[in-house]
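A.B. asks: I'll drop the sequence and a predicted model, then ask my questions.
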Amino acid sequence: MNLLATAHYLEALNWQKEIVKIHTIFGGKNPHPNYLVGGAPCALNIDENKRRESRTAGLCRHPARPGPGVCRASLYPRSAGRGVLLQGLGRHRGGLSNYLAYGDLPTNGYGDPSKFKFPRGVILNRDLSKLHEVDGRDPQQVQEYVTRAWYEYSGGDSQARHPWDGETNLKYTGPRPPYEHLNVEGKYSWLKTPRWKNHPMEVGPLARLLVAYAAGSGEVKEVVDGALKALDVPVTAPVLHFGADCGPRSGTKLIARWAKEFYAQLLNNIKNGDSRMFDGSRWDPETWPAEAKGVGLSEAPRGALAHWIVIKDRKIENYQLVVPTTWNASPRDAKGQMSSYESALIGTPIDNPEQPLELLRTIHSFDPLPGVCRTPLR
């Protein structure tokens, strides 16, 4: 199974190389595109250099069809190895039971989350029958603790703050390196602890699919139910059996399908004379209000990503962001509640205590930011 997964991974890398070319054409440098306020840095020229434009369109059209390696990597082996995979899935599905997704891939603009390909919402206690609404502007929803993080709040560290009122005041109180253990009863991390209505949340590919499943997305239900059927597990229990490996694979399959759909829409718009790539109505700072607050919610590959900004006198007074790894890897909050990483490790079966590779595999399944896994787990 390991060799099969590695082979699929290497095949997928070749396809990814072609996708990066598309990213460069429309967004600039990969992986951090050069987006502009109001649009993208790519100008469409349909009157001149038609040969060049046609070649660019062809370059984008071809990789939009996923190659055989990606298709195989997005499906699940129907061989004897499936039993090994099912055994691994059945042994342990610990971790949090709460999932958060901000939603993304709009089909009617970012102002209409109901038309997102990946819906927005929260699942509590693995209850797919009820989807909770998410509002980044609500000060009672997303809040951050620093109870066990090396920061301090001016009003005391026991209370949480909404990012609009957030503070980032460093205060290291940990041991001097090198050290073997951290005092987890005190402050032990450089990550703040975000919570949604005081609930710890798992974010990422699995959360995205589960929220979409709970929202009734027909395309997502088709892919998830198909994967569960291929694995020969009950389609009535996707949370318990649809792990961190299956989630990203199914997400890849969906996005490959939607990429072709979005590209066809782009070409159709151009044919109809719509070549707009930029809206300059908000470009001039003189048109901005003297004071304003804003929040942007999106889905990064690792999960829910949001930026909050406070502007006064047309200058940034406060800027806070909560990234996916902060949700998943953060330390315990004031109530002692664990976040995703720590929760997922509890009860994980270890075949060889001297080489606990299962712990690393569990953490790696969240795709942590570089450097996170170098922090001692204790």
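C.D. replies: Nice, I can see it. Residues are numbered from 1 along each chain as shown.
A.B. asks: surely Asp298 meets Ala101?
C.D. replies: One correction, residue 298 is Ser, not Asp. No: if you go by CB atoms under 8 Å, Ser298 and Ala101 don't touch, sitting 10.4 Å apart. C-beta coordinates here come from the backbone N, C-alpha and C atoms, glycine included.
A.B. asks: mind showing which ranges of the protein have poor pLDDT?
C.D. replies: For the chain, the stretches flagged by pLDDT under 70 are 34-35, 41-42, 44-94, 231, 233-247, 370-378.
A.B. asks: so what's Ala214 closest to, chain neighbours aside?
C.D. replies: Sequence neighbours aside, Leu128 is the residue nearest to Ala214 in space, at 4.3 Å (criterion: CB to CB, 6 or more residues apart in numbering).
A.B. asks: Count the neighbours of that neighbour for me.
C.D. replies: 17 (other CB atoms under 10 Å).
A.B. asks: So for the helix or strand hosting Gly251, what gets flagged as buried?
C.D. replies: Using DSSP states H and E, Gly251 maps to helix 246-271. Residues 246-256, 258-259, 263 are the ones in helix 246-271 that count as buried (16 or more other CB atoms under 10 Å).
A.B. asks: Show me which of Ser298 and Ala101 is the more surrounded one.
C.D. replies: Ala101 (32 against 15).
A.B. asks: Any idea what that one is bridged to?
C.D. replies: The residues paired with Ala101 through beta bridges, assigned by DSSP bridges, are Gly121.
A.B. asks: wait, it sits on Ala215?
C.D. replies: No: proximity of Ala101 to Ala215 does not meet the contact threshold set by CB under 8 Å, at 9.3 Å.
A.B. asks: So for these two, which residues contact both of them?
C.D. replies: The overlap between the contact sets of Ala101 and Ala215 (CB atoms under 8 Å, 6 or more residues apart in numbering) consists of Pro119, Gly121.
A.B. asks: Count the neighbours of Lys335 for me.
C.D. replies: Lys335 is flanked by 10 other residues according to other CB under 10 Å.
A.B. asks: how about the most centrally placed residue in the chain, phi and psi?
C.D. replies: Residue closest to the average C-alpha location in the chain (CA atoms, centre = their mean): Gly303, at 1.4 Å. Gly303 has phi and psi values of phi 140, psi -160 when expressed as degrees, to the nearest 10.
A.B. asks: Could you check how far it is from Ala12?
C.D. replies: 20 Å (CB to CB, to the nearest Å).
A.B. asks: Same check on Asn183?
C.D. replies: Applying CB to CB, the value for Asn183 to Ala12 is 42 Å.
A.B. asks: The two: who's more crowded?
C.D. replies: The residue with more neighbours, out of Asn183 and Ala12 and counting by other CB under 10 Å, is Ala12; that gives 21 against 13.
A.B. asks: Make sure the more buried one is indeed in a helix.
C.D. replies: Yes: when DSSP: H, G, I helix; E, B strand; the rest coil is applied, Ala12 is found to be in a helix.
A.B. asks: What is the neighbour count of Leu345?
C.D. replies: Burial measure for Leu345: 17 neighbouring residues, criterion other CB under 10 Å.
A.B. asks: distance of it from Ser339?
C.D. replies: Distance from Leu345 to Ser339, counting by CB to CB: 11 Å.
A.B. asks: repeat for Thr325
C.D. replies: As judged by CB to CB, Thr325 and Ser339 stand 10 Å apart.
A.B. asks: How about Leu321?
C.D. replies: Counting by CB to CB, the gap from Leu321 to Ser339 is 17 Å.
A.B. asks: between those two, who's got more neighbours?
C.D. replies: Set Leu321 next to Ser339 and count neighbours by other CB under 10 Å: Ser339 wins out with 25 against 13.
A.B. asks: Which stretches in this structure count as helices?
C.D. replies: Using DSSP state H, the helices of the chain run over residues 2-27, 50-61, 68-74, 81-91, 205-214, 218-230, 238-241, 246-271, 324-329, 340-345, 357-364.
A.B. asks: How many neighbouring residues does the residue lying closest to Thr287 once chain neighbours are set aside have?
C.D. replies: Leaving out its chain neighbours, the residue that sits closest to Thr287 by CB to CB, 6+ apart is Ser281, at 7.5 Å. For Ser281, the neighbour count with other CB under 10 Å is 7.
A.B. asks: Ser281 against Val37, yeah?
C.D. replies: No: taking contacts as CB under 8 Å, Ser281 lies outside contact range of Val37: 10.1 Å.
A.B. asks: Contact partners for Gln337?
C.D. replies: Applying CB under 8 Å, 6+ apart as the definition, the contact partners of Gln337 turn out to be Arg195, His199, Pro200.
A.B. asks: These in strands, which ones?
C.D. replies: Secondary structure of those is defined by DSSP state E; positions in strands are Arg195.
A.B. asks: most neighbours, which of the contacts of Gln337?
C.D. replies: Each of those was scored for neighbours by other CB under 10 Å, and Pro200 scores highest at 24 neighbours.
A.B. asks: For Ala149, give its distance to Thr362.
C.D. replies: Using CB to CB, which is the criterion applied here, Ala149 is 22 Å from Thr362.
A.B. asks: Tell me which of those two has more neighbours.
C.D. replies: When Ala149 and Thr362 are compared on other CB under 10 Å, the one with more neighbours turns out to be Ala149, at 23 against 18.
A.B. asks: Pretty sure the more buried one sits against Ser189.
C.D. replies: Yes: with contacts defined as CB under 8 Å, Ala149 counts as touching Ser189 at a distance of 5.2 Å.
A.B. asks: what touches both of the two?
C.D. replies: Taking CB under 8 Å, 6+ apart as the contact criterion, the common neighbours of Ala149 and Ser189 are Ser330, Pro331.
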